[in-house]
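Participant: any chance you could fold what I've pasted below:
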Amino acid sequence: MKESWSSVDTLETNFRPLVVIELAKGTKEETIEWFTKRIVDKKANGGAQLLIKPLVTENGNENIYLVGASHLRLLLGAENVGLVKECNDNSMRAFTYSSRKTFKDFADDNQNFLTMSECQYIIKHELENLRAKDEKMIPGYPQAKLYPGKSIVRRLLTNGILVQIFPLHDREELKKLRHTWYGQVKIGYQPLDEIRCYFGETIALYFGFLEYFTFALIPMAVIGIPYYVFAWEDYDKYVMFATFNLLWSTVILEVWKRICAVMTYRWGTLLMKRQFEEPRPGFHGVLGINPVTGREEPVYSSIKRQLRIYFVSVPFVCLCLYFSLYVMMIYFDLEQWALDYHEENKSHFSSLMLYVPSIIYAVVIEIMNRIYRYAAEFLTSWENHRLESSYQNHLILKVLVFNFLNCFASLFYIAFVLFDMKLLRQSLATLLITSQILNQFAESLLPYWLQKRHMKKMKERMHSLKMDTDLSLVEQVNSEKEMGTYLGTFDDYLELFLQFGYVSLFSCVYPLAAVFAVLNNITEIYSDALKMCRVYKRPFAEPTANIGVWQLAFETMSVISVVTNCILIGMSPQVNALFPDSKMDLILTVALVEHLLLAIKFVMAFVIPDKPRDIQIKLAKLEFESLEALKQQIIAEIPQEESLSLKRNTRMKMLLEMIWAGQEANETCG
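Facilitator: Residues are numbered from 1 along each chain as shown. Sure thing, here's the model as predicted:
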């Protein structure tokens, strides 16, 4: 019997707090009553059908609420969001409540069938999809306008009524994870499966990529050390290093796709399908009908969005790029001043002054990148993209273009305009090391120190109170709500992207770039793990099948590295000696080699499958079984009184579809 939403009991004696909602102090009672009623209302009435309880604190007026859900509600929510779980036959399938008995470890009394992060993801999904029906405003706040289809949570956030929503930590599980993850210094792999169960697939994939990229850098580091020790002033010998760099940058990205597919299949997200992605909470427009789903939702003109992009966002980005180039020219003026100062004085102090302009420029780059990031977020939100994926793609594109020019323009100028390899090596080393130190300090050390101070004061204040309530829960909520909010993996991937650029583009000039990258990433694993567990609030889990648009960004950087390294090889005295009479022959030869290497790169990307063969077979088998189940359902729904000709036509059509599906499956497996 199929369970319906109307039969879900919203009253549960064993209430398990999963998510915390903090409303602003002084929020009006009618607003709180209306919002909590929408949370507990049945789905048929436009509610989320969840459980909610106020958190009793020492002063009783902080407006903090704990949200949970009944076990049945979470199971139906898992089906609604399309979670994929492992079956008893070791296959992976989308969870359905009607076939729940076929899934591994399922039992009616097993509350741990869904992980805590999955339960919190379901609650977040339901809260974000609370939309206004016929309300014109938020009760008690006439200025907070509503219209049918508007996200209630988004409107509460933008009007300052809702302060924050965050998932609670599981103290026991977090303690175990911290011990196995970073509690002891050891050489080994990270517990990615445990990280995924606690933080979700997006966080786990980032740490998986960070670990993989660190191991992939080791060959470059091993080769780079002898190059630096024995031939670092002899630029004739970087040709072989640059050639190895070309192959390395291609192979590691193709191998990562296969590793990523294996992990995400095991986690179930490789099979998750989002055919009709719902509008992001920040999307706004007049209420209309989605022509695909037929649902009522906000509608916004794509023409208006394009006008905003091309007449406001693009000119703004171009203006920022011009400003970045202007700052770069100031940096070269400082370099010239430092060089002239050294030529006049010839002292140890003047030698140190040669590095000062690069250090200042590296700090300025970091500041400019962070300021531009806020501007890019505002612009992308103002463009009013309907889908979260579209919003992320436009934001990443804006930030990547600026960061690439800001971080690498000076290196390209030094290499291909000034032709100063010594200055290129010095600038690359300074930019790489300075940016790594600044990132480690800003992302982990400083927030950890501030959080530790705050936690000490919080514990002293909490233990000085005598309360009849659950002190441990109150203490936990009050400490976690004051933590910083983790804004996602964007900055973490961006740091790796820039690091990949430093290594793949110019490491043949400075072979120790990969060595410093490996050392940085080893500490990055521990510092990022520390900040996830101790510094920031627990982020909501987000299912994902890959690293998204970042894969394309890294692949684009590898293509640029082919061109850059070919030009560097062509500029080397060793290659120039082969063409003493005609520079045009040298240019044509370098261009020919560059095109051949790009062709080899694309052939390698095509030949190396993105998914291992066993994963391809499992996916093809699952697709075939889904088609078979759909055909059986169609046959079962054909009424007995249907005409014989219609039956024959239907069955013939299904037979042809089965043959076609079988051929496709065979082609995939072959």
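
Participant: so how many other residues sit close to Thr544?
Facilitator: 21 (other C-beta atoms under 10 Å). Heads up, the C-betas are built off the backbone N, CA and C, glycines and all.

Participant: give me the three-state assignment for it.
Facilitator: coil (DSSP: H, G, I helix; E, B strand; the rest coil).

Participant: report the contact partners of it.
Facilitator: Taking C-beta atoms under 8 Å, 6 or more residues apart in numbering, we find Thr544 in contact with 201-202, 205, 264, 269.

Participant: need the max-distance pair from those.
Facilitator: Thr202 and Thr264 (10.8 Å; C-beta to C-beta).

Participant: what's downstream of the strand or helix carrying Ala204, the next helix or strand?
Facilitator: Applying DSSP states H and E as the criterion places Ala204 in helix 201-231. Where DSSP H and E defines the elements, the next helix or strand beyond helix 201-231 is helix 238-267.

Participant: and that following helix, what does it pack onto?
Facilitator: Judged by 3 or more C-beta pairs under 8 Å, 6 or more residues apart in numbering; DSSP states H and E, helix 238-267 is in contact with helix 192-199, helix 201-231, helix 490-506, helix 549-571, helix 583-607, helix 613-637.

Participant: so how far is that helix off the chain centroid?
Facilitator: Centre-to-centre, helix 238-267 and its host chain are 19 Å apart (C-alpha atoms, centre = their mean, to the nearest Å).

Participant: report the rounded mean pLDDT for the following helix or strand past it.
Facilitator: Next helix or strand after helix 238-267 toward the C-terminus (DSSP H and E): strand 286-289. Strand 286-289 shows a mean pLDDT of 69.

Participant: and strand 286-289, what does it pack against?
Facilitator: Packing partners of strand 286-289 (3+ C-beta pairs under 8 Å, 6+ apart): strand 296-299.

Participant: what is the mean pLDDT for the strand it packs on?
Facilitator: Across strand 296-299, pLDDT averages out at 69.

Participant: from Tyr141, how far off is the spatially most central residue of the chain?
Facilitator: Among the residues of the chain, Thr489 comes closest to the average C-alpha position under C-alpha atoms, centre = their mean, at 4.3 Å. In this view, Thr489 and Tyr141 are 35 Å apart by C-beta to C-beta, to the nearest Å.

Participant: check Ala513 too.
Facilitator: For Ala513, the distance to Tyr141 - C-beta to C-beta - is 55 Å.

Participant: check Gln120 too.
Facilitator: Distance from Gln120 to Tyr141, counting by C-beta to C-beta: 28 Å.

Participant: swap in Met272?
Facilitator: 37 Å.

Participant: equivalent analysis for Ser472, please.
Facilitator: 35 Å.

Participant: which one of the two is surrounded by more residues?
Facilitator: It is Tyr141, of Ser472 and Tyr141, that has more neighbours when counted by other C-beta under 10 Å, with 18 against 10.

Participant: does the more buried one touch Glu30 like I think?
Facilitator: No: proximity of Tyr141 to Glu30 does not meet the contact threshold set by C-beta atoms under 8 Å, at 9.5 Å.

Participant: what's the overlap in contacts for the two?
Facilitator: Counting by C-beta under 8 Å, 6+ apart, Tyr141 and Glu30 have no shared contacts at all.

Participant: send me stretch 480-495 as PDB with only the CA atoms.
Facilitator: Only the C-alpha atoms of stretch 480-495 are listed here, as PDB (Å, rounded to 0.1, in the frame of the first residue of the first chain):
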ATOM      1  CA  GLU A 480      27.000  26.700  17.400                       C
ATOM      2  CA  LYS A 481      24.800  29.600  16.600                       C
ATOM      3  CA  GLU A 482      27.700  32.000  17.300                       C
ATOM      4  CA  MET A 483      30.100  30.100  14.900                       C
ATOM      5  CA  GLY A 484      30.900  31.400  11.500                       C
ATOM      6  CA  THR A 485      28.900  30.100   8.500                       C
ATOM      7  CA  TYR A 486      30.700  27.900   6.000                       C
ATOM      8  CA  LEU A 487      30.000  29.500   2.600                       C
ATOM      9  CA  GLY A 488      30.700  26.400   0.600                       C
ATOM     10  CA  THR A 489      33.600  24.900  -1.300                       C
ATOM     11  CA  PHE A 490      33.900  27.800  -3.800                       C
ATOM     12  CA  ASP A 491      37.000  29.400  -2.200                       C
ATOM     13  CA  ASP A 492      38.600  26.100  -1.500                       C
ATOM     14  CA  TYR A 493      38.300  25.000  -5.200                       C
ATOM     15  CA  LEU A 494      39.400  28.500  -6.300                       C
ATOM     16  CA  GLU A 495      42.600  28.100  -4.200                       C
END
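
Participant: can you give the distance from that stretch to the centre of its chain?
Facilitator: On C-alpha atoms, centre = their mean, the centre of stretch 480-495 falls 10 Å from that of its chain.

Participant: contacts for that stretch?
Facilitator: 20, 22, 64, 164, 166, 168-169, 202-203, 206, 209-210, 373, 395-396, 399-400, 403, 439, 443, 447, 451, 454, 458, 524, 528, 531-532, 535-539, 547, 550.

Participant: domain parsing for this structure?
Facilitator: Domain ranges of the chain: 19-168, 178-300+384-611, 616-665, per the TED database.

Participant: now for whatever helix or strand Ile359 lives in, which elements pack on it?
Facilitator: Assigned by DSSP H and E, Ile359 belongs to helix 356-382. Counting by 3+ C-beta pairs under 8 Å, 6+ apart, the packing neighbours recorded for helix 356-382 are helix 314-345, helix 388-413, helix 421-440.

Participant: phi, psi for Asp109 please.
Facilitator: Backbone torsions of Asp109, given as degrees, to the nearest 10, read phi -100, psi 10.

Participant: run a quick neighbour tally on it.
Facilitator: When neighbours are counted by other C-beta under 10 Å, Asp109 comes out with 6.

Participant: also Lys481?
Facilitator: 16.

Participant: again, but for Ser582
Facilitator: Using other C-beta under 10 Å, Ser582 has 10 other residues around it.

Participant: mind checking pLDDT for it?
Facilitator: 78.

Participant: and it, how far from Phe244?
Facilitator: Distance from Ser582 to Phe244, by C-beta to C-beta: 28 Å.

Participant: same check, this time on Gly149
Facilitator: In terms of C-beta to C-beta, Gly149 sits 56 Å off from Phe244.

Participant: still on that earlier bit, just the contacts of Thr544 now: which is nearest Glu128?
Facilitator: Thr202 (16.2 Å).

Participant: Three-state assignment for Gln49, please.
Facilitator: With three-state DSSP as the basis, the three-state label of Gln49 is coil.

Participant: give me the phi and psi for it.
Facilitator: Dihedral angles for Gln49 - degrees, to the nearest 10 - are phi 60, psi 50.

Participant: so which of the helices and strands packed on helix 356-382 is nearest Pro226?
Facilitator: Per C-beta to C-beta, nearest to Pro226 of these: helix 421-440, 16.5 Å.

Participant: quick one: work out the angle between that closest one and helix 490-506.
Facilitator: Angle, helix 421-440 to helix 490-506, by axes from the mean of the first three to the mean of the last three C-alpha atoms, to 10 degrees: 160 degrees.

Participant: on that earlier part again, could you say which of the helices and strands packed on helix 238-267 is packed most deeply?
Facilitator: helix 490-506 (a mean of 22; mean count of other C-beta atoms under 10 Å).

Participant: measure how it sits relative to helix 201-231, angle-wise.
Facilitator: Using the same axes, to 10 degrees: helix 490-506 against helix 201-231 is 30 degrees.

Participant: mind starting the numbering at 51 from now?
Facilitator: In the new numbering, first residue 51, that becomes helix 540-556.
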